[in-house]
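Engineer: compute the structure for the input listed below.
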Amino acid sequence: AVDPMAYEAQFFGFTPQTCMLRIYLAFQDCLFEVMQVVEAVILRKVDKMPDCNITPSQVRKCTEEFLLFVKDRFDKLFDKMEEVLLQQVLSIPENVLLPEDKVHEQYPYSPEQFRALQEEIRQLQLQCRAEAAAEQALRAELEEQKVVKAELEKILQWFNDLEKTFREQGIGNLKECLSFLTQSSKKLQVVMKEVEQKSEELKLHDKLM
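Structural biologist: Next comes the predicted model:
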């Protein structure tokens, strides 16, 4: 498996493998450009030699063969250079701790302690979610209480207005008011019954007529 060299990436801001890939591509681009320049120079020299039987296609073939030869040697050398750079230059020794990680040296944790800490964090998250849900339920209950309070205030205002009206009519306290309302309701029921009876009598009379 390839070592991701994550700690080195934390320090440099890029992975060492990416750095080596960029160096390789830069060398390769330079090699291609040099070979193009060499090919152009050879073609100019050939054009100035009237007795030369070398054609441009032959020059291109030789240039490509030489490029493959040089590239093969370069790849082998680059593999060795990459190994040295990754191990000796772009690597951080195991005993070296970056400044931002000094806290781990002051407060070391074993794997078991780390797992216990993660479990504690998970429990705290669950507790926070439960408290948030309880708070939401309390808020909903508070809103319901506000609605009930508003209705009770309306009823209380109605009683106050009723008591005020009865005082204006010369009736005493609320108890007397309620007694008066009860008597008035009974009288009203009697009147309603009488009206209903008379209405039935009138209907019966109309039928007989």
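Engineer: check which helices and strands the strand or helix carrying residue 167 sits against.
Structural biologist: Assigned by DSSP states H and E, residue 167 belongs to helix 111-168. Here helix 111-168 touches helix 174-208, going by 3 or more CB pairs under 8 Å, 6 or more residues apart in numbering; DSSP states H and E. C-beta here means a position set from N, CA and C on the backbone, and glycine is covered the same way.
Engineer: for burial, what's the neighbour tally of residue 90?
Structural biologist: Residue crowding around residue 90 was assessed by other CB atoms under 10 Å; the count is 19.
Engineer: ok, it to residue 59 distance?
Structural biologist: Distance, residue 90 to residue 59, using CB to CB, to the nearest Å: 40 Å.
Engineer: for stretch 56-63, give the mean pLDDT please.
Structural biologist: Per-residue pLDDT over stretch 56-63 has a mean of 88.
Engineer: give the buried residues for it.
Structural biologist: 59, 63 (16 or more other CB atoms under 10 Å).
Engineer: need the residues that contact that stretch.
Structural biologist: Stretch 56-63 has contacts (CB atoms under 8 Å, 6 or more residues apart in numbering) with 35, 38-39, 42-43, 46.
Engineer: worst-scoring helix or strand of this protein, pLDDT-wise?
Structural biologist: Lowest mean confidence among the helices and strands of the chain (mean pLDDT, DSSP states H and E): helix 174-208, at a mean of 68.
Engineer: report the contact partners of residue 66.
Structural biologist: For residue 66, the contacting residues are residue 35, by CB under 8 Å, 6+ apart.
Engineer: quick one: which helix or strand includes it?
Structural biologist: Counting by DSSP H and E, the element that carries residue 66 is helix 56-84.
Engineer: following element in sequence after that helix, please.
Structural biologist: Beyond helix 56-84 toward the C-terminal end (DSSP H and E), the next one is helix 102-106.
Engineer: what mean pLDDT does that following helix get?
Structural biologist: Averaged over helix 102-106, pLDDT sits at 73.
Engineer: for residue 140, give its distance to residue 134.
Structural biologist: Plainly put, residue 140 is 11 Å away from residue 134 if you go by CB to CB.
Engineer: which of the contacts of stretch 56-63 fall within helices?
Structural biologist: 35, 38-39, 42-43, 46 (DSSP state H).
Engineer: burial measure for residue 31, as a count.
Structural biologist: When counting by other CB under 10 Å, one arrives at 14 neighbours for residue 31.
Engineer: what helices and strands are in contact with the one helix or strand it maps to?
Structural biologist: Here residue 31, judged by DSSP H and E, is contained in helix 16-47. With contacts taken as 3+ CB pairs under 8 Å, 6+ apart, helix 16-47 sits against helix 6-12, helix 56-84.
Engineer: how big is the angle separating it from helix 56-84?
Structural biologist: Relative orientation of helix 16-47 and helix 56-84, computed by axes from the mean of the first three to the mean of the last three CA atoms, to 10 degrees: 160 degrees.
Engineer: with that, I have no additional questions.
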